[in-house]
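[1] all I have is the shape, not the residue letters:
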């Protein structure tokens, strides 16, 4: 297992480099432009000067090389300096600067982390917590009223997009009932009980909207996989051995049914860091998803490139974790 | 698998090692009639099939019964609620909602089903290959990672820039855009299926019946088609149902990027998106498209459930 | 909101200290003001980002020497009088203007505001390598001299009949020399602290800034009027969309002011019925218009597509066709469906200020389908069996492009139907705004390349002088591969007579004469059919009923008088 892990990690480096190159090439090819959002009163010659001042006049290879240096050398050095207080060289290194805000992209990401983790992260926890029991019970009591209701609920949950449920929640809970705020306050800090209650209140709607969506997806895979396993020979054997139903279902069947669920979760976890573009937009959470979409719309290549690349690293990492988990869940799976 | 007779059509879908060696059974029941019998005994599946057929009929024949031009604007009859003249009301430019839902359904269903099939095909192929052949696993999975990591919006902009005019001249404006949209949705949504299928295949290929098949020298192609694929059917079916919903919704997002069908071309996802802000003014604008999408997805889900049961020899035998 | 509690407590304490005195004359006595701009502020240095949201966000802190009030009249701001020919502030040869600063003004760090800062601002923006986005305000500026600490003189290279480009309006504020001295040229973007928290002379200072999310402002302790501003905190939130911003002011009451509410009018009316807020609008110079492509956009032309070299358009250069297209449009319906109080029918590309508004094209205000059909019949376009007119095998079939935006797509659909009635076939296309307005020379979908027959968008000009704006339709402004598709003359309109008028206006100082010339140019554009104006668009905002002092302004920042805003009891 260890050699396998190490080999995978070693292989990940060239793979990630290739991915970063392809992302950069696509961003460069894409016809969006950093001056597109400026008012038309700014004349074309000035726009051209702005483009040049952003470095767009340089050839593709040079810009990609600069980004590599900035991201893989300057940013880590900067982090080490901040943590340890040592200094390397004159400290006057060019960091990855966003074109929209002209500030270091890494600082922007750090600023967005808390709200993204609170809202998007919590919605995955919530989604999994709701989905796994629903999936297990639905499969165990296939075609019972609980299963039928669960199916209806999850299918409606998945087929109605979040831009609609989010708006519906706002109309009901913010406009009519006035229970929860419709706009997330990112400057809010939790210091005491009262502020904690406020934090919960402002988190409830976005978390529920996203959580429901995730739950409906995970519960479907859980149910399908449970159904597959419930019909297997080992279940019969276990029952024949006189094991209690609880042990059979919750230990034997569930463990073996988790493989697709682990895959879905591993695929989705990096997305916690990718943020949730639509939900963040609706509730003005302004996390990483909003940062990404804003950067894409504004043609802010350094920000998009950095965010997507970090995202790619997480995807590769979580997929490795998923692969290792497969081996633990099903010891027959071997990679060496 | 010991206390019941080996299912008909012995060498068909897998299930246990016994099946592989079993000779053809004497009873002359065709495999597909068995499948159909099992499918028909699944009430949910039948109901789903009925609803799905009804929706298809409504979208294809509905336009002959309710023959209002979905693009006809009548600004003086805007934001109307249900009435005899406009059974589902009108939108803010005075277009008839029922006519739009009928016209939109044709596009949404076609896009939803084709794009789902495409993504399923790619996803299953890549998933099975990388799960089964260890040598392919690394490259194919990194390829999947690449697609997962790609920023969708810029990618779409690049695709449209490169291919729109080409497809437009080759296939005409409407079918050109249809092909582009199906391709774009298919190509950006197969990754989850691939990962899930691969995960299951990894576990399956270590199971006794596959090992047994291997040991008697069954070629890989045959093992995959006969033993592996039928056993990964249930996650594939789930992906399929989720895929239809996903494709219908994604299509609406595309038209907002200026990538989809022209703006006067209704689709369900678009109608829902356009109507969202009018939710409190004319609720008809969101209820009906929302209902249409949900019903379609729900019926596809039940059909998928029934199909999976019908194709699973263990269940079919019961 | 924790901040609110603290602030309310603070405000209460302040009120207690002040005894029974009325709270409104007290700095920071009215608690928190919540403003929502659905496009979030990215940076607080308007020279590095010309986006409206950034200019307006920074206008709470940074101020120009003079600005425009809600009627478009120039008012002195950091000076006592506006220099003019009459008071001797503008030289006789029109080549220089001398500003005398108001004495006693301090920066928010307590230092004095001097002529050095003004001169530095010009040097900062005019630095070639800095990529300053407001450099157009400094066109033809030769030098900016400091005469004494309170006097600054701007010298122009040519005679400037309208010398109020630099240092006037929200786009050209003054930044502090001491803070930005090390941020010149290529180093400008690296000064993150200064760009995120500029010192200013305005009523507020930045206390917290999360780029593309939220800005929190506190009162400027050194603001020139000790009784202002009234609020102790301003939260300037961004994100979401226009409808959501409107909802937060009009329906939930969470916010006090929302900007740029381009939402279908019936939705706005329904929200306003909740009674928590008021919708306000004001008109500047923005016109939603259709540009006609005078060159041929046929893809078969390859590189010569949509250029003058590729030949003229098969039918749009015929004024009868463009006049018929314009006559077939019922502009009242467009206003009703998409703009409501934020739109007025217009027949001019230059509808404001009032003295520049032409009345010679008012025929377009009354739609006349019969007359349009007659014009086309007369010009030889015969109705075909498919309901589309044609002449010599050329069908009146047009590709009509615009940016993606729900109101624009609604307008497109309406226009398509109106033109169908006169036998013109329309194919609609909408393109993502980031591509359409992006100007990437490799993309076929930009508004400069104009690979379509018609295109629709809004344009306007800063301030009140249309000279530079009207100059956009000179022959030399035509985008083409030779100019790397740069240029503002999208219709590819080219007339020697027009170019001569532009040159004449640049040498004319007298206002009435300038107005006459501008009207003449406007009429030429209308008669040629290069531009089909649709709607004179206004800005729409909403404010809470408890917020007082809002004077909606389209000529300058909407927040131009935020120092005077107060909370009603």
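    Happy to help now that I have it. Just so you know, these numbers come straight off a predicted model, no measurement behind them.
[2] got the residues of the stretch 101-250 of chain A near chain C?
    By Cβ under 8 Å from any Cβ of the partner chain, the residues of the stretch 101-250 of chain A that approach chain C are A:101-104, A:108, A:111-112, A:170, A:174-175, A:178, A:181-183, A:185-189, A:191, A:194-195, A:198. For every residue, glycine as well, the C-beta is placed using N, CA and C.
[3] now intersect those residues with the strands, please.
    Assigned to strands by DSSP state E, none of these qualify.
[4] what does chain C put close to chain B?
    C:243, C:263-264, C:266-267, C:270, C:299, C:333, C:336-337, C:403-404, C:406, C:409-410, C:412-414, C:416-417, C:427-432, C:435-436, C:442-445.
[5] the residues you listed: which ones sit near chain A?
    Filtering the residues of chain C next to chain B for proximity to chain A by Cβ under 8 Å from any Cβ leaves C:432, C:435-436, C:442-443, C:445.
[6] the residue nearest to the spatial centre of chain A and residue B:167, how far apart?
    Closest to where the C-alpha atoms of chain A average out (Cα atoms, centre = their mean) is residue A:271, at 1.4 Å. Using Cβ to Cβ, to the nearest Å, residue A:271 is found at 31 Å from residue B:167.
[7] for chain B, give me its nearest residue in the stretch 1-150 of chain C.
    Among the residues of the stretch 1-150 of chain C, residue C:38 lies closest to chain B, at 13.3 Å counting by Cβ to the nearest Cβ.
[8] can you tell me the closest non-neighbouring residue to that residue?
    Of all residues not flanking residue C:38 in the chain, residue C:245 sits nearest, at 4.4 Å (Cβ to Cβ, 6 or more residues apart in numbering or on different chains).
[9] the one you found against residue C:37, yeah?
    Yes - if you go by Cβ atoms under 8 Å, residue C:245 and residue C:37 touch, sitting 7.5 Å apart.
[10] who touches both of these two?
    Common contact partners of residue C:245 and residue C:37 (Cβ atoms under 8 Å, 6 or more residues apart in numbering or on different chains): C:258-259.
[11] what about these two, which has more around it?
    The residue with more neighbours, out of residue C:245 and residue C:37, is residue C:245; 29 against 25, by other Cβ atoms under 10 Å in any protein chain shown.
[12] could you pick out the longest helix of chain A?
    The longest helix of chain A (DSSP state H) is helix A:193-230.
[13] briefly note if the helix or strand that it is followed by comes near chain B.
    Next along the chain after helix A:193-230, taking DSSP states H and E as the criterion, comes helix A:233-240. Yes - applying Cβ under 8 Å from any Cβ, one finds helix A:233-240 in contact with chain B at residue A:233.
[14] can you count the residues close to residue B:125?
    Around residue B:125 sit 15 other residues, with neighbours defined as other Cβ under 10 Å.
[15] just the buried ones from the residues of chain C next to chain B?
    C:243, C:263-264, C:266-267, C:270, C:333, C:336-337, C:403-404, C:406, C:409-410, C:412-414, C:416-417, C:428-432, C:435-436, C:443-445 (16 or more other Cβ atoms under 10 Å in any protein chain shown).
[16] name the residues of the stretch 101-250 of chain A found near chain B, please.
    Residues of the stretch 101-250 of chain A lying near chain B by Cβ under 8 Å from any Cβ: A:143, A:148, A:151-152, A:155-156, A:158-161, A:163-164, A:167-168, A:171, A:217, A:220-221, A:224-225, A:227-228, A:231, A:233.
[17] please list the residues of the stretch 151-300 of chain C that sit near chain A.
    C:171, C:186, C:188-190, C:192, C:195-196, C:208, C:210-214, C:216, C:235, C:237-241, C:244, C:247-248, C:251-252, C:254-255, C:274.
[18] need the buried ones from these selected in PyMOL.
    A single PyMOL command selects the buried members of those (16+ other Cβ under 10 Å):
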select buried, chain C and resi 171+188+189+190+192+195+196+210+211+212+213+214+216+235+237+238+239+240+241+244+247+248+251+252+254+255
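[19] give me the neighbour count for residue 304.
    All of this refers to chain A. 30.
[20] hmm, no, I was thinking of chain C.
    Neighbour tally, residue C:304, other Cβ under 10 Å: 16.
[21] how close does the nearest residue to it once chain neighbours are set aside sit to residue B:141?
    Distance criterion Cβ to Cβ, 6+ apart; nearest residue to residue C:304, sequence neighbours excluded, is residue C:310 at 3.5 Å. Counting by Cβ to Cβ, the separation of residue C:310 from residue B:141 is 50 Å.
[22] so between the two, which is more surrounded?
    residue B:141 (24 against 19).
[23] which of the residues of the stretch 101-250 of chain A next to chain C count as buried?
    Buried among those (16+ other Cβ under 10 Å): A:101-104, A:108, A:111-112, A:170, A:174-175, A:181-183, A:185-186, A:188, A:198.
[24] hang on, the earlier thing: biggest separation within the ones next to chain A among the residues of chain C next to chain B, which pair?
    Farthest-apart pair in these is C:432 and C:442; separation 15.2 Å (Cβ to Cβ).
[25] hang on, the earlier thing: can you tell me which of the ones next to chain A among the residues of chain C next to chain B is nearest chain B?
    Proximity of those to chain B (Cβ to the nearest Cβ) peaks at residue C:432, which lies at 4.6 Å.
[26] need the helices for the stretch 201-350 of chain C, in chain order.
    C:242-250, C:265-272, C:319-327, C:331-338 (DSSP state H, counting those that start in this stretch).
[27] now the angle from the longest helix of chain A to helix A:233-240?
    Helix A:193-230 and helix A:233-240 are oriented at 100 degrees to each other (axes from the mean of the first three to the mean of the last three Cα atoms, to 10 degrees).
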